[in-house]
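J.: Need a 3D model of the following:
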Amino acid sequence: MALDFANDPAAPLEYLPVPPPAYAAAPALTREPPTEVSEQAPLGAEDPLLQTTAKLLATYGGVIFTGPPGTGKSWYARRIASTLVEADEDRVVYLQFHPSYQYEDFVQGMAPRRDGDGFELVEKPFLRMCRAAEDDAERTYAIVIDELSRAEPGRVFGEALTYVERSKRGLRFQLAMDDATVQVPDNLVILATMNPLDRGVDEVDAAFERRFAKISMDPDVSVLEGFLAGNGVDEDLRARIVRFFRSVNERARRNPLAAIGHTSFMNVTDAESLELLWEHELRFHFEKAYRPNLEAFEEIERDWRDVYGGEAPDDSFAA
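T.: Below you'll find the model as predicted:
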């Protein structure tokens, strides 16, 4: 059954596959760690992030999961979408924005005819999902957009931007490239992910942003501990990793580019895998974040050696 956005904001929770407990009784936005479970697997209806998302969708045109890399934004967006469409993959589309992504890729654009005789106007993912949701009003449809700020969302949505707003759902509007009209139905859900430090974030149109609610996805030490415990990491090593994780993310308050997410550690099982993580991912991340500040990088490097007892690599960062 589709989410009934016309009713009280809490009403969408009633339409989840299993009736959840009262929203007010839900805990804060604690999150289960992303695991090997498929990103398309539905969440339990009691999941607090799912409940919060459903509540926000009653008021806003969509929800943006925002936070640094490695905090589970895409994993959650996909699983929430899967839950809302009851695991029916025919009712959800997954997209990724990039700098060359345009209206013609998202709403409608010209494409060569299959018979090779000229070009024709083709409906693209957004328009196709609007049509499908309108024709099947009793069920929820979803669009999941990764890397929202890598394109110019206002330009990509075009005239549809006004009509994704919750108060304008169901109103028909004229398309830019032909005489047809369309509506953004109540039962079409839009979920997106965004790194707030991407250069493109400052260019995101204010008119676009006000139509979308945001949920902050921050580095979460409890999720990190869940990964490490589940992977059987030695208790002493686990404590040192957690201490390092807390320390670098505290530093990131002054330099947000240096934040690291918990999913970076999801495959750590022992000191050897931890060293590989440093040598092939984290070292490069911190070198870039602290390139203007050699001293800060060297402090982080010393803290990391304390985690697993290794030596500084010969090719360590140089200004």
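J.: When you work out contacts or count neighbours from here on, use the C-alpha atoms and nothing else.
T.: Noted.
J.: what stretches of the stretch 101-250 of the chain score poorly on pLDDT?
T.: For the stretch 101-250 of the chain, the stretches with pLDDT under 70 are 198-205.
J.: quick one: the helices in it?
T.: 103-106, 125-135, 153-157, 160-163, 206-209, 221-230, 235-251 (DSSP state H, counting those that start in this stretch).
J.: Now render those helices as CSV, adding distance to residue 259 and mean neighbour count.
T.: As requested, the helices of the stretch 101-250 of the chain are exported to CSV (distance: least, C-alpha to C-alpha, whole Å; neighbours: other C-alpha atoms under 10 Å):
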stretch, distance to residue 259, mean neighbour count
helix 103-106, 32, 19
helix 125-135, 33, 19
helix 153-157, 25, 19
helix 160-163, 32, 20
helix 206-209, 24, 14
helix 221-230, 12, 18
helix 235-251, 5, 16
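J.: Report the separation between residue 55 and residue 215.
T.: 12 Å (C-alpha to C-alpha, to the nearest Å).
J.: cool, residue 227 as well?
T.: 22 Å.
J.: Nearest residue to residue 110 in space, please, no chain neighbours.
T.: Nearest non-adjacent residue to residue 110, counting by C-alpha to C-alpha, 6 or more residues apart in numbering: residue 121, 4.5 Å away.
J.: should've said residue 216
T.: residue 66 (5.0 Å).
J.: Which residues does that neighbour form beta bridges with?
T.: Beta-bridge partners recorded for residue 66 (DSSP bridges): residue 194, residue 216.
J.: for it, what are its contacts?
T.: 73, 193, 194, 195, 196, 214, 215, 216, 217 (C-alpha atoms under 8 Å, 6 or more residues apart in numbering).
J.: Pick out whichever of those residues sits closest to residue 169.
T.: For the contacts of residue 66, the closest approach to residue 169 (C-alpha to C-alpha) belongs to residue 214, at 19.5 Å.
J.: Buried ones only from the contacts of residue 66, please, as a ChimeraX command.
T.: Buried residues within those, by 16 or more other C-alpha atoms under 10 Å, are selected in ChimeraX with:
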select :73,193,194,195,196,214,215,217
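J.: Can I get the contacts of residue 66 in a markdown table including distance to residue 308?
T.: Below are the contacts of residue 66 laid out as a markdown table (distance: C-alpha to C-alpha, whole Å):
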| residue | distance to residue 308 |
| --- | --- |
| 73 | 29 |
| 193 | 33 |
| 194 | 33 |
| 195 | 30 |
| 196 | 31 |
| 214 | 37 |
| 215 | 34 |
| 216 | 31 |
| 217 | 28 |
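J.: where does the closest residue to residue 165 other than its chain neighbours fall, phi/psi-wise?
T.: Leaving aside its sequence neighbours, residue 165 sits nearest to residue 61 (C-alpha to C-alpha, 6+ apart; 4.5 Å). Dihedral pair for residue 61: phi -70, psi -20, per degrees, to the nearest 10.
J.: Quick check: residue 61 touching residue 191?
T.: No - shown here, residue 61 and residue 191 do not form a contact pair, counting by C-alpha atoms under 8 Å, at 9.2 Å.
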